[in-house]
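In: Sequence first, predicted model second:
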Amino acid sequence: MDLRSEILREHSKENTAAIAAWVGNDPVRLARLADLFLYDEYRVVQRAAWILSQVAEKHPALIQPHLAAMVDRMGHPGIPVAVKRNVVRILRDMPVPEDLQGPVMNFCFQFLEDPKETIAVKAFSMKVLGDLAKIYPDIRGEIVMLIEDHLREGATPGIRSRGMRTLKELGALKSGGKRAHGD
């Protein structure tokens, strides 16, 4: 299959599912998809992102060899938001490898602090940071502060929902939805 041509042929749920099924658990095919996702033109990147997310859900171990390049790519200026959104979405659903925890933390904090960042990237970043706070409790206070800032500033329903769940997971909420005393 000419993967790039097939990605560009049609942007639909059916085509995405068909390509994801073709990639399956094949590391060579996934490497081709990851390359398109990371380095091609915007439209290809955007469409490849959806396929990559589907493959990652079914075969997370297949993604591991590509995570370092994906995380590195998030730091490049002008990258398509589809790259950030889908990399953080993938990281939301899997443990972050130890060697990537620092860079992932830095990017997720940057995304949360950026007023121009998209809702999805911020929401996924909250989840990733919440999970990393279990390993690095020292970041808990900063996460809580950033989430509370978003909630005070009239958060969208998606940010409010993810923010409240993350605060609860961090133990920063009492059962009634208020902040825990002393935080």
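Out: Structure's in. What do you need?
In: which residues does the residue nearest the centre of the chain contact?
Out: In the chain, the centroid-proximal residue (C-alpha atoms, centre = their mean) is residue 88; its distance is 1.3 Å. Applying C-beta atoms under 8 Å, 6 or more residues apart in numbering to residue 88 gives the contacts 74, 107-108, 111, 121, 124-125, 128. To be clear about C-beta, it is placed using only N, CA and C from the backbone, and glycine gets the same treatment.
In: Can you add pLDDT and neighbour count and give these back as TSV?
Out: Listed next are those as TSV, based on pLDDT from 0 to 100; neighbours: other C-beta atoms under 10 Å:
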residue	pLDDT	neighbour count
74	91	20
107	97	22
108	98	29
111	96	22
121	95	23
124	96	24
125	97	30
128	97	25
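In: Give me the pLDDT value at the residue lying closest to residue 94 once chain neighbours are set aside.
Out: Closest residue to residue 94 apart from its sequence neighbours, by C-beta to C-beta, 6 or more residues apart in numbering: residue 60 at 5.0 Å. pLDDT, residue 60: 92.
In: same thing with residue 181?
Out: Reported pLDDT for residue 181: 39.
In: Ok, residue 152 next?
Out: 88.
In: so how far is residue 76 from it?
Out: According to C-beta to C-beta, to the nearest Å, residue 152 and residue 76 sit 32 Å apart.
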